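**Student:** Provide a 3D model corresponding to the input given below.
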Amino acid sequence: MSRDLPMVVPAPGLPGRVTIYEVGARDGLQNESSVVPVEVKAEFLDRLAAAGLTTLEATSFVHPRWVPQLADAADLLARLARVPGVDYPVLVPNERGLDRALQAGVEHVAVFASATESFAQRNLNRSLDAQFAMFDAVVTRALAAGLRVRGYVSMCFGDPWEGAVDPAQVAAVGRRLVEMGCHQLSLGDTIGTGTPGHVDAVLEACGAAGVPVARIAVHFHDTYGQALANTLAALRRGVVTVDASAGGLGGCPYAESATGNLATEDLVWMLDGLGVGHGVDLDALAATSAWMAGRLGRPSPSRVVRALTG
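**Tutor:** The predicted structure is shown next:
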């Protein structure tokens, strides 16, 4: 029996194609209570590439004391069977992380900034303003080495210590990262409190601050079930890059109220129904997430994965 398929009903005002920035291997696995073996991580990335995903954030060169789940970053990259046409960015928190990334031969890195004072202090041990001095050194050196640099901005829609975040403040942080040389901004709803109108307001503020929508990606968590609705709102504003995590893995180790990322399979199902291209084989992706769920010893939180593989 053939599986269900969404009816394709294109909606006006949407992009013809979206790039899915897959973060499961980094943002997903960094939140596991136990360390996933490096050979499992390598196979996970291989399977994701085989499913058609072309941007796979592989790991992070953060100090192992802070994220022991990713202490094997260099080993993982050495094992990786890199697929032509697939980008394998890594997160680098500081210059020491950049040194390790350069030694591993990466071509694309990301820095992780905060839109709020409280999260900057807790996550980076720096003030909101002082974080930029650290990032400037990283971005400058990375660009000089010929790398592309992405800028994550966390807590763009809400902060567990400060509450709602002023969209103008998010835009100001984003503009500074763009001016530094980041080719793309990923605006993160780290605790999942955003709603579609709030997404409109943040993107409007970014545009008013001189950050073009073509440079913006969105990264939604599904804490309150808003991730897909927020993604659709962003697509209608012209965003064409969406962060997602295979099987809905992940959260945030520094924000206890943050639950999983938007599941890549749930995103693909919606895009299929809207007639928006993405290049991903949904059956292969769902099978990969079910395989990883088996390795982790629990069911996938993705509704689409459960529907297709249950």
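**Student:** helices of the stretch 1-150 of the chain, start to end?
**Tutor:** Assigned by DSSP state H, counting those that start in this stretch, the stretch 1-150 of the chain shows helices spanning 38-50, 73-79, 95-103, 117-119, 131-144.
**Student:** residue nearest the middle of the chain, spatially speaking?
**Tutor:** For the chain, the residue nearest the mean C-alpha position is Asp243 (4.1 Å; Cα atoms, centre = their mean).
**Student:** how many neighbouring residues does Arg47 have?
**Tutor:** 18 (other Cβ atoms under 10 Å). From N, CA and C alone the C-beta is placed, and that goes for glycine too.
**Student:** three-state assignment of the closest residue to it other than its chain neighbours?
**Tutor:** Nearest non-adjacent residue to Arg47, counting by Cβ to Cβ, 6 or more residues apart in numbering: Thr288, 4.1 Å away. Look at Thr288: counting by DSSP: H, G, I helix; E, B strand; the rest coil, its state is helix.
**Student:** just to revisit the earlier point, save the helices of the stretch 1-150 of the chain as CSV, and put in distance to Val213 and mean pLDDT too.
**Tutor:** Putting these into CSV (distance: least, Cβ to Cβ, whole Å; pLDDT from 0 to 100) gives the following:
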stretch, distance to Val213, mean pLDDT
helix 38-50, 27, 98
helix 73-79, 32, 96
helix 95-103, 28, 96
helix 117-119, 24, 93
helix 131-144, 21, 95
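**Student:** possible to save those helices as a markdown table with distance to Thr231?
**Tutor:** Formatted as a markdown table, those follow (distance: least, Cβ to Cβ, whole Å):
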| stretch | distance to Thr231 |
| --- | --- |
| helix 38-50 | 19 |
| helix 73-79 | 28 |
| helix 95-103 | 29 |
| helix 117-119 | 22 |
| helix 131-144 | 26 |
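**Student:** hang on, the residue nearest to Arg47 packs against Ala51?
**Tutor:** Yes - between Thr288 and Ala51 there is a contact under Cβ atoms under 8 Å: 5.9 Å.
**Student:** neighbour-wise, which of the two wins?
**Tutor:** Counted by other Cβ under 10 Å, Thr288 and Ala51 do not tie: Thr288 has more neighbours, with 27 against 23.
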